[in-house]
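Enquirer: pasting the sequence and the predicted coordinates here, then a few questions.
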Amino acid sequence: MTVLAAVCTKIPEAKLGIILLPVVSLSAGNALKALVALDTAGLLFGWRLFDHVAHLGGAIFGVWYILYGNDMIWRRREPLVKFWHELRNGSPGRSRQG
């Protein structure tokens, strides 16, 4: 659900189809809204066919990752990568032997 929500958030105009209903085609943005609405209804009405809380959690994380998480994670990655390269190559003043 996280991957589907991330793709639907990143490319909301993409067309998605339902395998069992080949005539039906939805935009990714509308499909995500429909799935979230269906899982919210399932949670409120106590439907037990799927784990609706897990689907909603996955959808929320996928949307969050595209809107905020990707930039936040990759921006903070640079100091860690520099530290890793210093560990692998030894101290900055030494040349690598081997």
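Expert: On my side now, so go ahead.

Enquirer: run through the strands of this protein in chain order.
Expert: 15-18, 21-27 (DSSP state E).

Enquirer: which one of the ones you listed lies closest to Trp84?
Expert: strand 15-18 (39.1 Å; C-beta to C-beta). (Each C-beta comes from the backbone N, C-alpha and C, glycine too.)

Enquirer: report the central residue of the protein.
Expert: Gly62 (3.1 Å; C-alpha atoms, centre = their mean).

Enquirer: before we move on, back to that, can I get the strands of the chain in a markdown table with mean neighbour count, distance to Ala34 and mean pLDDT?
Expert: What follows is these, written out as a markdown table (neighbours: other C-beta atoms under 10 Å; distance: least, C-beta to C-beta, whole Å; pLDDT from 0 to 100):
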| stretch | mean neighbour count | distance to Ala34 | mean pLDDT |
| --- | --- | --- | --- |
| strand 15-18 | 12 | 10 | 83 |
| strand 21-27 | 11 | 7 | 81 |
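
Enquirer: could these go into a markdown table alongside distance to Phe83?
Expert: What follows is the strands of the chain, written out as a markdown table (distance: least, C-beta to C-beta, whole Å):
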| stretch | distance to Phe83 |
| --- | --- |
| strand 15-18 | 42 |
| strand 21-27 | 43 |
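
Enquirer: could I get the CA-only coordinates of whichever helix in the chain runs longest as CSV?
Expert: For the chain, the longest helix by residue count, based on DSSP state H, is helix 28-45. Extracted in CSV, the C-alpha atoms of helix 28-45 (Å, rounded to 0.1, in the frame of the first residue of the first chain):
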residue,chain,number,x,y,z
ALA,A,28,-4.0,7.3,-9.8
GLY,A,29,-5.0,10.3,-7.6
ASN,A,30,-8.7,9.3,-7.7
ALA,A,31,-7.8,5.6,-7.1
LEU,A,32,-5.8,6.5,-4.0
LYS,A,33,-8.7,8.6,-2.7
ALA,A,34,-11.2,5.7,-3.3
LEU,A,35,-8.9,3.2,-1.6
VAL,A,36,-8.4,5.5,1.4
ALA,A,37,-12.2,6.1,1.6
LEU,A,38,-12.9,2.3,1.3
ASP,A,39,-10.4,1.5,4.1
THR,A,40,-11.7,4.3,6.3
ALA,A,41,-15.3,3.0,5.9
GLY,A,42,-14.0,-0.6,6.6
LEU,A,43,-12.4,0.7,9.8
LEU,A,44,-15.5,2.6,10.9
PHE,A,45,-17.9,-0.2,10.1
